[in-house]
Structure formats: structure tokens, C-alpha cells
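Q: Just to be clear, the model below is a prediction. Sequence and coordinates:
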Amino acid sequence: MASINAPNAPALVPDTRTRILDLAESLLLARGFNAFSYQHIARELNIKPAAIHYHYPSKDDLGTAIVSRQLRRLRKWRDLPRVTDLRPNQQLEALFAVYDTHLKQNIRVCLFGALAADFQTLPAPMQQELRTFNRELTEWVAEVLAAGRATQTIRFVGSPAAKSAQLLTTLAGALQAARVHDETPFQLIVGQLRLELFPA
């Protein structure tokens, strides 16, 4: 999930460990896990590969740290008052905004979209963290959908769990379509989701 900084907060220079993690996450979302190495990170940050190994002994450790941090962000985001205090349809709009943020950041795909194709080659701890991330996000969206149906702010056919899985798969695919073309397919797809989910 997108990180939120407090307004007017003083800019802090991240430490080396955080800089490595930030760049690795950016490379993962832009290229995929198997398409970058410690050499890429070392050149970009102007540090020695040994400095990366000091903080993350193996790329498996680094990859797991990326997904673990994304999971912590998801948990923090979904529990923020500015999210929990929204009506269900507004919570979905907040989720759409997160995906739109990926779109605006050089059309980066989401975490699931970046790792799904390479899933069988990922280390086991990273696979487990990704499954947990996807399960918790899917369960949260299902809860929002169920609440929306109960309050008549969201409409859909079928179970909340099935609709949640379809919705998240659609959003991930929309980002991938935007990468191939431009942001037009993403906006069309999200617009269609709004038509189908939100009563006129």
C-alpha cells in the first residue's frame, strides 16, 4: 500500500538499510523479482554489494523483507480512521486510489501482479508472505463488499468472497494492461467496475 507522510513533517534521510529496501521494492514492482540483482542496487545507491549483504545476506532475505513490509503497510492502511470511518463504497474508492497511485508511478504493477508470474521460483518464506498479503487483502475487500450490500451502497451478484477475488484480479490486470498501452485501459476498467458496483 502507499505510504503516507504527515503534512509538514521534516524530511528524513533514510538509513542505508531502508534505502536498499526502497530501491529493491521499486525495482521489483517495475521489473519483477528475477530481473534485478544486488549489482543493480549497488550501482544505483553507489555502495558496495557487501553493504547490501550486511543488511540482507541473500536476495531471498531481501525479497521476503519487501513483501513483509507491504503486508505491514496493508494492515496499517486498512485500520486507519480515514479508511475505517468511510462508507463501504468510499472504502472501495480508497482502494481504487491506491491502484491509481501505482499507475501514476511509471505504471508500476501491484505487488501481486509483479510476483505472480515468478511465484514458483520465489523462496518459500516470500511465497508464504505473498499468500498472507493476498489473503488478508481479499478478506478485507470481501468484508467491505458484504457491508456495502447490507447498506445498499454496493451491489453485486454472488458471494462477497468470489466478488472480492474477481475485483482484485481485475485491478491487477488493469495495471498490466496500462503497462502495455497507456493508462486508458486502466481508467476504462475502473470506470466499468464503478458502474457495476455502485448504485446510480
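A: Cool, got the structure. Numbering: from 1, shown residues only.
Q: contact partners of the helix or strand of the chain with the lowest mean pLDDT?
A: Using mean pLDDT, DSSP states H and E, helix 111-116 stands out as the lowest-scoring helix or strand of the chain, at a mean of 88. Under the criterion CB atoms under 8 Å, 6 or more residues apart in numbering, residues 28-29, 32-33, 67, 70, 108, 122, 126, 130, 133-134, 168, 172-173, 175-176 lie in contact with helix 111-116. No exception for glycine: its C-beta is placed from N, CA and C like everyone else's.
Q: Quick one: low-confidence residue ranges for the chain.
A: Applying pLDDT under 70 to the chain flags residues 1-13, 107.
Q: can you do 50?
A: Along the chain, the parts satisfying pLDDT under 50 run over 1-11.
Q: which residues of this structure fall in helices?
A: Applying DSSP state H to the chain gives helices spanning 16-31, 38-45, 49-55, 59-78, 81-84, 88-104, 111-116, 124-151, 160-180, 184-197.
Q: Alpha carbons only: can I get the third one in CSV?
A: Output for helix 49-55, consisting of C-alpha atoms alone and laid out as CSV, is shown next (Å, rounded to 0.1, in the frame of the first residue of the first chain):
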residue,chain,number,x,y,z
PRO,A,49,27.5,-5.2,-2.8
ALA,A,50,29.0,-6.2,0.6
ALA,A,51,26.9,-3.4,2.2
ILE,A,52,23.8,-4.9,0.8
HIS,A,53,24.8,-8.4,2.1
TYR,A,54,25.4,-6.9,5.5
HIS,A,55,21.8,-5.9,5.8
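Q: which other helices and strands contact it?
A: helix 16-31, helix 38-45 (3 or more CB pairs under 8 Å, 6 or more residues apart in numbering; DSSP states H and E).
Q: correct me, but Arg69 touches Glu25?
A: Yes. With contact defined as CB atoms under 8 Å, Arg69 counts as touching Glu25 (7.4 Å).
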